[in-house]
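Peer 1: coordinates only, sequence not included:
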Ligand SMILES: [Zn+2]
């Protein structure tokens, strides 16, 4: 009985994988048949920025599936096959996609424009006082400062223009509209956070360094630059002490990471927990509801304003 159930499950998984695995390469092929620019992106913010620039002239395929935390993710052979047929590959860089150098080498001979979107942005070093593993690492989470998001979109625009010069004006107009929106978002953050009384933000992992830097907040990460490590008891104790001394009332967690540690700390200091979204991936439901970088960032601002006021 068990054996039968197991093999049914295996077959079901196999079918799911086969259809899932074929998707990205199929979509790229379809894009070309439709005469659209075939674009592959690494994870969510890159996808959203590329879609906003490409509009109906491009088909954008995102590699990291919805609802998946991207720090640990790695591409499958089928993803590489899809990339070989694409015209543009957009990734964040700055160490976010640890697999990207291998992929770049594998695709050396493909006719593919590869865009490191964070190129030209001044990178922050991590606050790695509590982690030996992350010494000498840069903080890759540049997109959480709207002005950096704008710089990343400008790099993406250059690639679109180079790959498809016929539609250069179309892409530029769309970029300019969105860039103006990012300027407005930046103003809203500056204004919205100028009057808050508390500036300490305890987060699940150190994803908000650029955001905190831009709006004079103080980030305290339960975990380091990547959320896959278990925080050590000494670090937990340090945070609890800091939170008590500074009367921190909210501990932030992320939807794609277990809230267990944030819950434990919050309980110990009598604080509440709330979601602050680092935009590392949206869920299927959020995507279906039409959420994007702009709407999630506006929600983040509201959450911060209420928690820190
Ligand atoms: Zn992260």
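Peer 2: Cool, the structure landed. Note that this is a predicted model, so its numbers are computed, not measured.

Peer 1: from what I can see residue 218 touches residue 199, true?
Peer 2: Yes: counting by CB atoms under 8 Å, residue 218 touches residue 199, with 5.2 Å between them. For every residue, glycine as well, the C-beta is placed using N, CA and C.

Peer 1: any idea how far residue 197 is from residue 309?
Peer 2: Distance of residue 309 to residue 197, given as CB to CB, to the nearest Å: 7 Å.

Peer 1: and if you look at residue 287?
Peer 2: Look at residue 287 and residue 197: by CB to CB, they are 35 Å apart.

Peer 1: which one's more surrounded, the two?
Peer 2: residue 287 (17 against 6; other CB atoms under 10 Å).

Peer 1: which pLDDT value goes with that one?
Peer 2: Each residue has a pLDDT score; the one for residue 287 is 96.

Peer 1: check residue 235 too.
Peer 2: 89.

Peer 1: and for residue 2?
Peer 2: For residue 2, the pLDDT comes out at 48.

Peer 1: for this protein, which segments count as strands?
Peer 2: 37-41, 58-62, 88-91, 113-116, 200-205, 218-223, 250-253, 272-275 (DSSP state E).

Peer 1: which residue packs closest to residue 281, ignoring adjacent ones?
Peer 2: residue 44 (4.9 Å; CB to CB, 6 or more residues apart in numbering).

Peer 1: wait, doesn't that neighbour sit right on residue 282?
Peer 2: Yes: between residue 44 and residue 282 there is a contact at 5.7 Å, judged by CB under 8 Å.

Peer 1: list the contacts of residue 221.
Peer 2: By CB atoms under 8 Å, 6 or more residues apart in numbering, the contact list for residue 221 reads 127, 203, 204, 205, 206.

Peer 1: quick check, pLDDT for the residue lying closest to it once chain neighbours are set aside.
Peer 2: Distance criterion CB to CB, 6+ apart; nearest residue to residue 221, sequence neighbours excluded, is residue 206 at 3.5 Å. For residue 206, the pLDDT comes out at 94.

Peer 1: can you show me the helices along the stretch 1-150 of the chain?
Peer 2: 2-33, 44-54, 77-85, 100-106, 146-163 (DSSP state H, counting those that start in this stretch).

Peer 1: what bits of the chain have low per-residue confidence?
Peer 2: Per-residue confidence for the chain (pLDDT under 70) gives these ranges: 1-22, 127-135, 228-229.

Peer 1: could you redo the last one with a cut-off of 80?
Peer 2: Scanning the chain for pLDDT under 80 picks out 1-24, 109, 126-136, 228-231.

Peer 1: got the end-to-end distance for stretch 106-125?
Peer 2: Stretch 106-125 has an end-to-end distance of 29 Å (CA to CA, to the nearest Å).

Peer 1: chain center to that stretch: distance?
Peer 2: Here the centre of stretch 106-125 is set off from its chain's centre by 16 Å, with CA atoms, centre = their mean, to the nearest Å.

Peer 1: for it, buried residues please.
Peer 2: Across stretch 106-125, burial judged by 16 or more other CB atoms under 10 Å covers 107, 112, 114, 115, 116, 117, 118, 121, 123, 124.
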